[in-house]
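**Q** Pasted the sequence and its predicted model underneath.
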Amino acid sequence: MRNLQGLIELENADSALSFRECPYGKGEQAELLCDVIALANAATTGPRFLCLGVSDKADFERTFPGVSRRAWNWTKEVLPRLLEQAIEPQLTVSMEEVTVGEALVGVICLDACNDQPYLFSRRVSSLIPPGSGWIRRDTKQRPLLRKDLQRIFAAKFRTSEASTDIRVGFPGRVPREEITLRVLSLDALPSVLAAGRLVKMQDARRLSKAVLGRTDTRIARLVHAQVSNEAQAYQSHGTRP
């Protein structure tokens, strides 16, 4: 279970943790959506949190003015509907609350932000058209830029490439992942066998010349038929390589 108490009281604001002193009003729906979508697009891993009712101004001690029960209930009721209507892909949040002293701190929790980029599917204000987005970096947030989209899609590609599982199979009565290849003996290589036949034919020619004083074509043909075991016409081969 999350240690939200320690998170609120001790942790510093960063890309995944945002503090806001005042609750959102009915006229601040666009601001609420921008704060949530900026956290969702942040270049970080793990859950993200937007804490309402926490004063975390620079150079001041953190205080907890809290939010009213009525304002927090309004946020819990409105935010899921706004996210469903105005942000794509679907972004799910959970709402939790922590009591610090006597103050009620509302926490908007974003658990799964693994389908970035999150963009506005419709116009939510005169300055935020459809297709735009926001991103939080450290304690600041700004519009989503081309370089942010390049980073997001490069990370998606690396993740997709790393998870690709390619398997190779070989045919047979049962598909197999491995096969055993028959290795020929060096003495059985085609080039070795052909060289042996040529040597036998050349020896026969030399022998007939030594006995008869000349090369006998008929003997050469007989030897060729014997060593080649083919019905191929005899072709004269010289003794030189």
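**A** The structure has been received and is ready for your questions. All values derive from a computational prediction rather than experimental measurement.
**Q** now the helix ranked longest in the chain: how far from the chain's centre is it?
**A** Criterion DSSP state H: the longest helix present in the chain is helix 190-212. Distance, stretch centre to chain centre, for helix 190-212: 64 Å (CA atoms, centre = their mean, to the nearest Å).
**Q** So which elements touch that helix?
**A** With contacts defined as 3 or more CB pairs under 8 Å, 6 or more residues apart in numbering; DSSP states H and E, helix 190-212 has these neighbours: helix 217-228. Placement of C-beta: from N, CA and C, glycine included.
**Q** if we can go back for a sec, can you give me the buried ones in the longest helix of the chain?
**A** 197, 201-202, 204-205, 208 (16 or more other CB atoms under 10 Å).
**Q** the bottom helix or strand of the protein by mean pLDDT?
**A** helix 217-228 (a mean of 68; mean pLDDT, DSSP states H and E).
**Q** related to what we said a few turns ago, what about the longest helix of the chain, average pLDDT?
**A** The average pLDDT within helix 190-212 is 77.
**Q** With just CA atoms, put it into CSV.
**A** Provided in CSV are the C-alpha atoms of helix 190-212 (Å, rounded to 0.1, in the frame of the first residue of the first chain):
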residue,chain,number,x,y,z
PRO,A,190,32.0,-34.4,-54.9
SER,A,191,35.2,-32.5,-55.8
VAL,A,192,37.3,-35.3,-54.4
LEU,A,193,35.4,-38.1,-56.2
ALA,A,194,35.6,-36.1,-59.5
ALA,A,195,39.3,-35.6,-59.1
GLY,A,196,39.8,-39.4,-58.4
ARG,A,197,38.0,-40.3,-61.7
LEU,A,198,40.2,-37.9,-63.7
VAL,A,199,43.3,-39.4,-62.1
LYS,A,200,42.2,-42.9,-63.1
MET,A,201,41.5,-41.8,-66.7
GLN,A,202,44.9,-40.1,-67.0
ASP,A,203,46.7,-43.2,-65.5
ALA,A,204,44.9,-45.3,-68.2
ARG,A,205,46.1,-43.1,-71.0
ARG,A,206,49.7,-43.1,-69.7
LEU,A,207,49.6,-46.9,-69.3
SER,A,208,48.3,-47.5,-72.9
LYS,A,209,50.9,-45.1,-74.3
ALA,A,210,53.7,-46.9,-72.4
VAL,A,211,52.5,-50.4,-73.6
LEU,A,212,51.4,-49.5,-77.1
